[in-house]
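Colleague: Sequence and predicted structure below; questions after.
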Amino acid sequence: MFETLKPQPADKILQLMQMFKDDPRDDKVDLGVGVYKDATGLTPVMRAIKAAEHRLWEEQTTKTYVGLAGDPAFSDAMIAMVLGDAVPRSQVAAAATPGGTGAVRQAFELVKMANPNVRVFVSDPTWPNHLTILKYLGIETVTYRYFDAETRGVDFGAMLEDLQAARKGDVILLHGCCHNPTGANLNPIEWQAVIDLLNRSGATPMIDLAYQGFGDGLEEDAAATRQVASSVPETLIAASCSKNFGIYRERTGLLMVVSGNEAARGLNQDTLAFLNRQNYSFPPDHGARLVTMILNDAALRADWAAELEAVRLSMLDLRRQLADELQRLTGSDRFSFLAQHRGMFSRLGCGPDLVEKMRKDHGIYMVSDSRMNIAGLNARTIPILANAIVESGV
Ligand code: LMR
């Protein structure tokens, strides 16, 4: 029967990972997949994770099932980290998921259950997997303009104009911080304008929060999500622990549904548990348990927050170094946007031909839309990249 299958398009980020592996050059530079790397190129296990794993190994007495929505203690700890006291806990339904992608997938399934004709508005560009999951689920996608190719910031006027088309029963997908793939983000005044639009149109916001702590700080990066969740009747939030806890392969995420009252929360909670059961039954527990231990232990939490902050500052430093080097080489400020972008990524803003040229001539690997993983850089490779950018005529 399987001869009827058709080849599926390769994921361009994962394809790039393979191309990098296959490249024999010693001086190649990997700016592809969104994984944090330290100055030696290692993606370390965070100290607090190691300590929690050690403690878990000693203390855990059973591996029996937990609950369809995962351990409620994980939900509580994550909801507090993401939402603070912006909304009452009693109005938030939540279910653990396999990573942030699992939360995104379950969120899309949920909105389709609620409205089979839902349209999901996505930024142009957005994380490619958003688009492929939506397509796979047969959900209509509407793109809204987002990235300004000239300034490499957000074209907010165009974004608002396009979002006027959203109405009740539609979903507007927003990146809570550290926009992937551009690195360009809304400011608080712009977020407020989006909230006003949401309230006027009745559309439901869905916030993908995959990089909390990588932009301006743990609290700062949650500010927009809190602002939205406390201002509109319903909000979906897909949170990932992959990056900020460095537990990529443990697949740890949480889907939250914020509603206006406690009765709605009950139905949402039951539906999330049902959806988990249909798709994979119980969600993975190991990473979620480590995160819970860290967030609920003052010493572990302080150590984790300090390490995360060091990671954040190191990426900011790399951004500044790259912008400075390009300023030095070109004598102009046209790359200063690199220091203004936040998070792991920056979109350089050149075409796929120049991206390919940089790969061929200089062994620099970035996604074909010119997204660079800033964390893939170090003091040695910054001049190599800056030189490649200038030589290729970006
Ligand atoms: C990325 O955008 O590179 C990451 O979110 C990893 C992935 O799964 O694509």
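Modeller: Perfect, thanks for sending it. These numbers come from a predicted model, not from an experiment.

Colleague: Buried residues, the helix or strand where residue 134 lies. List them.
Modeller: For residue 134, the host element (DSSP states H and E) is helix 128-136. Across helix 128-136, burial judged by 16 or more other C-beta atoms under 10 Å covers 128, 129, 130, 133, 134. All C-beta atoms are positioned from the backbone trio N, CA, C, and that covers glycine.

Colleague: other SSEs contacting the strand or helix carrying residue 328?
Modeller: Residue 328 is part of helix 298-330 when elements are defined by DSSP H and E. Under the contact definition 3 or more C-beta pairs under 8 Å, 6 or more residues apart in numbering; DSSP states H and E, helix 298-330 sits against helix 47-59, helix 218-229, helix 286-295, helix 337-340, helix 381-391.

Colleague: Okay, buried residues for the first one please.
Modeller: Put plainly, it is helix 47-59. In helix 47-59, counting by 16+ other C-beta under 10 Å, buried: 48, 49, 51, 52, 53.

Colleague: which residues touch the strand or helix carrying residue 18?
Modeller: Per DSSP H and E: residue 18 is located in helix 12-22. For helix 12-22, the surrounding residues in contact (C-beta atoms under 8 Å, 6 or more residues apart in numbering) are 28, 30, 32, 33, 34, 128, 359, 365, 367, 368.

Colleague: The residues you listed: which ones sit near the ligand?
Modeller: Restricting the contacts of helix 12-22 to those within reach of the ligand (C-beta under 6 Å from any ligand atom) leaves 33, 34.

Colleague: Who's the closest spatial neighbour of the residue in the chain that the ligand sits nearest to, skipping the chain neighbours?
Modeller: Scanning the chain for the residue nearest the ligand gives residue 34, at 3.0 Å (criterion: C-beta to the nearest ligand atom). Spatially, and ignoring its direct neighbours in sequence, residue 34 is nearest to residue 344 (5.3 Å; C-beta to C-beta, 6 or more residues apart in numbering).

Colleague: quick one: contacts for that neighbour?
Modeller: By C-beta under 8 Å, 6+ apart, the neighbours of residue 344 are 34, 36, 178, 180, 183, 211, 214, 243, 315, 373, 374, 375.

Colleague: after the helix holding residue 18, next one along is what?
Modeller: Helix 12-22 is succeeded, C-terminally, by strand 29-30 (DSSP H and E).
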